[in-house]
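S.K.: just need the structure, nothing else, for what follows:
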Amino acid sequence: MNAQTIMICSGKGGTGKSTTSVLLGAELARQGRRVLLIELDSGLRSVDLIAGVYGKTVYDIEDVLCGRCQGDKAIVPSPIYPGLSVISAPYEGGEVRPAPLAALILAMRGYFDFILFDTAAGMGAPFQAAAQLAEQALIVLTPDPVALRDGRIVADALIEGGHPQDNVRLVMNRVTRQSFGRGAPVFDLDECIDTVGVRLLAVIPESRELQLAGAQGEALPQGCAAQKAGAAMAGRVLGQRIPLTFTG
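M.R.: Numbering: from 1, shown residues only. I've put the predicted structure just below:
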């Protein structure tokens, strides 16, 4: 195996990037792929809870990058999403450095089909380090003008930095029927796509099931709207031709 690397990023915070990262990883794993999700958002750790590994981690990504442990010591398999493994961010402090992160990825690529980077919001050190290693980038945004404007800045930075435009994709998250229309801040999905300037990969609905599953460290119920959207997103990442529909 030679794992495909994907970074999940955003402009502003609060767009649901970590939840989307776990959802994508879980659904890729459900389709038979071995997935490693590396959380790079130091000080704002949440992937461990969403992936169900809270309380099971001994080492984090900072321990690996500083040389306090080997990468495999920090990997924790998710007990709720078989096939998904996690390296968590530290609860506080830490600095993501490109060179040791690249060494970790080189060591791990042969054991996984996909390596996902859950970056911090904005374009700081975690974003820059992941951008050097990721073959694809998913920009997770919500349907509001501020998120879309910041998403365009992120998309432009990735493309100007050498990422092919086709490898930078948009994920619209927390979408409802009321998100669009003449009385809404954003008229429709086409406006989102035109503002950010990259192709749309997935639309994930606002979901109480997704919120509760993440908060409680439990598996997302099969068949709910968010799970179906995640499965479609994973399928498109795998090259499957799946019509883009919205249920919410």
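S.K.: hang on, A103 is in a helix, isn't it?
M.R.: Yes - counting by DSSP: H, G, I helix; E, B strand; the rest coil, A103 is found in a helix.
S.K.: and it, how many neighbours?
M.R.: Using other Cβ atoms under 10 Å, A103 has 15 other residues around it. Every C-beta, even on glycine, is put in place using the N, C-alpha and C of the backbone.
S.K.: quick one: V76 from V237, how far?
M.R.: In this view, V76 and V237 are 23 Å apart by Cβ to Cβ, to the nearest Å.
S.K.: now swap in D194 and tell me
M.R.: Counting by Cβ to Cβ, the gap from D194 to V237 is 23 Å.
S.K.: for the protein, give the helix that spans the most residues.
M.R.: Under DSSP state H, the helix in the chain containing the largest number of residues is helix 145-160.
S.K.: quick one: average confidence on the helix or strand following that helix?
M.R.: Once helix 145-160 ends, the next helix or strand along the chain (criterion: DSSP states H and E) is strand 168-175. Per-region confidence: strand 168-175 scores 97 on mean pLDDT.
S.K.: poorly predicted segments of this structure, please.
M.R.: Residues of the chain that meet the criterion pLDDT under 70 lie in 1, 43, 93, 246-248.
S.K.: which residue ranges form the helices in it?
M.R.: With DSSP H as the criterion, the chain has helices spanning 17-30, 47-50, 61-65, 71-74, 98-108, 125-133, 145-160, 189-196, 208-216, 225-237.
S.K.: with distance to I6 added, can I get the ones you listed in a markdown table?
M.R.: Conversion of those to a markdown table gives the following (distance: least, Cβ to Cβ, whole Å):
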| stretch | distance to I6 |
| --- | --- |
| helix 17-30 | 8 |
| helix 47-50 | 15 |
| helix 61-65 | 17 |
| helix 71-74 | 18 |
| helix 98-108 | 12 |
| helix 125-133 | 9 |
| helix 145-160 | 12 |
| helix 189-196 | 17 |
| helix 208-216 | 20 |
| helix 225-237 | 7 |
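S.K.: mind checking which of these is nearest S85?
M.R.: For those, the distance to S85 is smallest for helix 17-30, at 8.7 Å, taking Cβ to Cβ.
S.K.: chain center to the closest one: distance?
M.R.: Taking the mean of its C-alpha atoms, helix 17-30 sits 7 Å from the chain's own mean (Cα atoms, centre = their mean, to the nearest Å).
S.K.: between that helix and helix 208-216, how big is the angle?
M.R.: Counting by axes from the mean of the first three to the mean of the last three Cα atoms, to 10 degrees, helix 17-30 lies at 100 degrees to helix 208-216.
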